[in-house]
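Enquirer: how would this look folded up:
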Amino acid sequence: MTTPEKLDRLNDYIDHWSKIRPDHRAMVQHEDDKTITYKKFAGLIDFFALRLMDMGIAKGDRVATQLILVPEHMILMYACFKIGAIFAPLDVRLTETEVVRDVNKIKPKAFFFLGNTPVKDFREAGRAVGQNCPSVSHLVQFTPDPNPGELLDGAMAITDMMNKKKLIWLKIKDMFTGGLKKAYADIHTRTPALIIYTTGTTGEPKPAVLCHENIIVQNQILSRGFGEEVRGESFICLVNLPPSHVGCVTETFMTTLFLGGTTVLLRIFDAKATLEAIHKHRVTALGQIPTMFRMLWNLPDYENYDLSSLEFVAYGGSSVDTGFLRRMAAMAPKFGTGLGMTENAGFGTFTPPDIPIEEMAGQVGRAFEDLAKVSIRTPLNPDGTAGDQLPDNEIGEICYHPPIVFLGYYNQPEATATAISKEGILYTGDMGYFKPMNGYRALYLSGRQKFVIKQKGYNVFPVEVEEHIASMAGVDIAEVVGMKHKLFDEGIFAFVRPKPGVELTAQDVMAHCKGIAAYKRPVHVEIWPSDEEFPLTRSTKVDKIGLMEKAKTILGELRAKGLWDAGQE
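Expert: Numbering: from 1, shown residues only. Below is the predicted model:
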């Protein structure tokens, strides 16, 4: 199987594989084994697209959803791409107030939502949108053939929207008018396609607009990360991340379709279901954040699952130690990581294949200059132009270059101008540096600019302290934040979670930290329960803001005891 040369539009890949291997599985729903071949996928996209056009949705209109990961959700997404509508999946964990807030930021014409489920009654979100979002003309409830009382007043059931007689009539009509073909001909590689909301750890989430080319170049980068040996005809990738996140839609899902492989969909993440899906469907590739891998490994019956089909596992989102990488190596013969963000559609770098664990530890891969340049720069200039590019081994802000730079935040030009320079260079907020290695330049992440700690007059990158603490025997994971300190400006506050069954004290950790410079040592160490997870953001990264709130409460207790900065003026 040969992946075609770079095509212009995301749907071009579905059309390509529907001709080359029409009966190959594009999607399999793990929970019920529902299977969609590439030929069926292409056909259903057209039916959904025709119905959307019939509803008055056209190029440039927005379509918002609050749905789980099911084939129909993904088909709807590609139908929007085909007619030029911009697709915006929202997190199912959002409250009604948050849904209304985010919907009103982009003013969509249609909102698709779940019905009353065992977890939550999503009709309340539909009702809130109907009452508070005047741009929304169509409320569509993803409840097939609802019974009396199940359908929200004013909403249309998905089965009514996709009525077979209606679709057949639209298809026949289109054979004469050619409306869908004309609409698709008006879509090009830079047409806006997808809105993914940033996680909003410092302020409200922002709607980042991605075009076809942004996503396709990301697919190329991740495909190279997988390597030729992995991305063959039997490529089967498990997709278990939320569809409101690039890790789901642009990275694992769309890269698999870019390659003509098979996606196995999990409606919502569950550690046990993840292992069952790998075992049952003979999954060959898995991508998750470190927290999710730890959840798998901590299951008591983890060793009972057959994971021998895995050929490649990838992690992203936070740094890990060599112990974590050894666990990865035990899962699959090949593994790797990279760096990316919502605003560049996912990965912008990826580690070279088959490098030693010791070499992989700490780095986040290499850039692919022929696809998308990555540079280290000084801050944006006051006039909005990019700062100077820095040499290797010098820390600065990590920047991405076109064509992997997003189009901007929807209807937020001022926020866009703080992220993208006048030359089109994306400033990520991540600090790091390039280090020459044997035959390539490795990118090292120093930490988020907004989380750099100013202790005793020095800039301290949290990751450096976290990695040192994590190297200590008995430590499972460490997270570091900076908190206000009357003497030091900021003080380093460390949360340390021991491995299960390990007795660990704050004094042990403080003694271990004598191995780093005094200005990098924590002022306080808080031992986190070994059986509890750290708080996570909606993108499933460790929530630094949440940890700061926790630290703030603890600091009140410490100051009452005369500790931290008590008595300092």
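
Enquirer: any idea of the mean pLDDT for the host helix or strand of V217?
Expert: Secondary structure assigned from DSSP states H and E places V217 in helix 212-226. Summarised as a single mean, pLDDT over helix 212-226 is 96.

Enquirer: wait, T143 touches A157, no?
Expert: Yes - under the criterion of C-beta atoms under 8 Å, T143 makes contact with A157 at 5.7 Å. Using the backbone N, CA and C atoms, a C-beta is placed for each residue, glycine as well.

Enquirer: circling back: could you say what helices and strands the helix or strand following the helix holding V217 packs with?
Expert: As assigned by DSSP H and E, the chain's next helix or strand after helix 212-226 is strand 236-239. Judged by 3 or more C-beta pairs under 8 Å, 6 or more residues apart in numbering; DSSP states H and E, strand 236-239 is in contact with helix 254-259, strand 262-265, helix 271-281, strand 285-288.

Enquirer: between those, which one is closest to K454.
Expert: Smallest distance to K454 across those (C-beta to C-beta): 33.1 Å, for strand 285-288.

Enquirer: what residue spans form the domains of the protein?
Expert: Structural domains assigned to the chain are 32-187, 196-448, 452-560, following automatic domain parsing.

Enquirer: could you redo those as CSV and give each row mean neighbour count and distance to H24?
Expert: Shown next, in CSV, are the domains of the chain (neighbours: other C-beta atoms under 10 Å; distance: least, C-beta to C-beta, whole Å):
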stretch, mean neighbour count, distance to H24
domain 32-187, 18, 6
domain 196-448, 19, 7
domain 452-560, 17, 30
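
Enquirer: nearest to P4, of those domains?
Expert: Nearest of these (C-beta to C-beta): domain 196-448, 8.9 Å.

Enquirer: partners of D121 in the sheet?
Expert: N116 (DSSP bridges).

Enquirer: what pLDDT does it get?
Expert: D121 is given a pLDDT of 96.

Enquirer: which stretches in the stretch 451-569 of the chain count as strands?
Expert: When assigned using DSSP state E, counting those that start in this stretch, the strands of the stretch 451-569 of the chain occupy the ranges 453-455, 458-460, 475-485, 489-498, 524-527.

Enquirer: need the helix or strand of the protein with the lowest average pLDDT.
Expert: strand 458-460 (a mean of 76; mean pLDDT, DSSP states H and E).

Enquirer: name the helices or strands packed onto that strand?
Expert: Counting contacts by 3+ C-beta pairs under 8 Å, 6+ apart, strand 458-460 packs against strand 453-455.

Enquirer: so where's the stretch 101-250 of the chain shaky on pLDDT?
Expert: 200-203 (pLDDT under 70).

Enquirer: quick one: the helices in it, in order.
Expert: 123-132, 158-161, 164-177, 179-185, 212-226 (DSSP state H, counting those that start in this stretch).

Enquirer: so for D12, which of the domains of the chain sits nearest?
Expert: domain 196-448 (8.7 Å).

Enquirer: quick one: end-to-end distance for that closest one.
Expert: End-to-end distance of domain 196-448 (C-alpha to C-alpha, to the nearest Å): 20 Å.

Enquirer: check contacts around F113.
Expert: Under the criterion of C-beta atoms under 8 Å, 6 or more residues apart in numbering, the neighbours of F113 are T65, Q66, L67, F122, R123, A125, G126, V129, L139, V140, Q141, F142.

Enquirer: now do the contacts for Q218.
Expert: Q218 neighbours (C-beta under 8 Å, 6+ apart): T250, E251, T255, G340, N344, A345, G346, F347, G348, I404.

Enquirer: dump the residue contacts of the last one.
Expert: It stands for I404. Counting by C-beta under 8 Å, 6+ apart, I404 has contacts N214, V217, Q218, I221, N344, A345, G348, L371, A372, L426.

Enquirer: CSV for the domains of the chain, including distance to N11?
Expert: Below are the domains of the chain laid out as CSV (distance: least, C-beta to C-beta, whole Å):
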stretch, distance to N11
domain 32-187, 5
domain 196-448, 9
domain 452-560, 26
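
Enquirer: nearest to Y13, out of those?
Expert: Here domain 196-448 is closest among the domains of the chain (C-beta to C-beta), at 5.5 Å.

Enquirer: what's the burial count for A566?
Expert: 12 (other C-beta atoms under 10 Å).

Enquirer: thinking again about what came up before, could you identify the least confident member of the contacts of Q218?
Expert: G340 (90).

Enquirer: for the closest residue to that one other than its chain neighbours, give its distance to K107.
Expert: Counting by C-beta to C-beta, 6 or more residues apart in numbering, F347 is the residue found nearest to G340 once chain neighbours are left out, at 4.1 Å. For F347, the distance to K107 equals 31 Å [C-beta to C-beta, to the nearest Å].

Enquirer: repeat that for T256.
Expert: Counting by C-beta to C-beta, the gap from T256 to K107 is 32 Å.

Enquirer: out of the helices and strands packed on strand 236-239, flag the one nearest V452.
Expert: Ranking these by proximity to V452 (C-beta to C-beta) places strand 285-288 first, at 27.0 Å.

Enquirer: okay, now the sheet partners of the closest one, with direction.
Expert: strand 236-239 (parallel), strand 312-315 (parallel).

Enquirer: ok, back up a step: out of the strands of the stretch 451-569 of the chain, flag the one nearest D388.
Expert: Short answer: strand 458-460, nearest of the strands of the stretch 451-569 of the chain by C-beta to C-beta, at 18.7 Å.

Enquirer: show me where the stretch 1-150 of the chain has strands.
Expert: 25-29, 35-37, 62-66, 86-89, 110-113, 138-141.

Enquirer: the ones you listed: which one's closest to P352?
Expert: Here strand 25-29 is closest among these (C-beta to C-beta), at 29.6 Å.

Enquirer: report the distance from the helix holding V217 to the chain centre.
Expert: Relative to its parent chain, helix 212-226 has a centroid offset of 14 Å by C-alpha atoms, centre = their mean, to the nearest Å.
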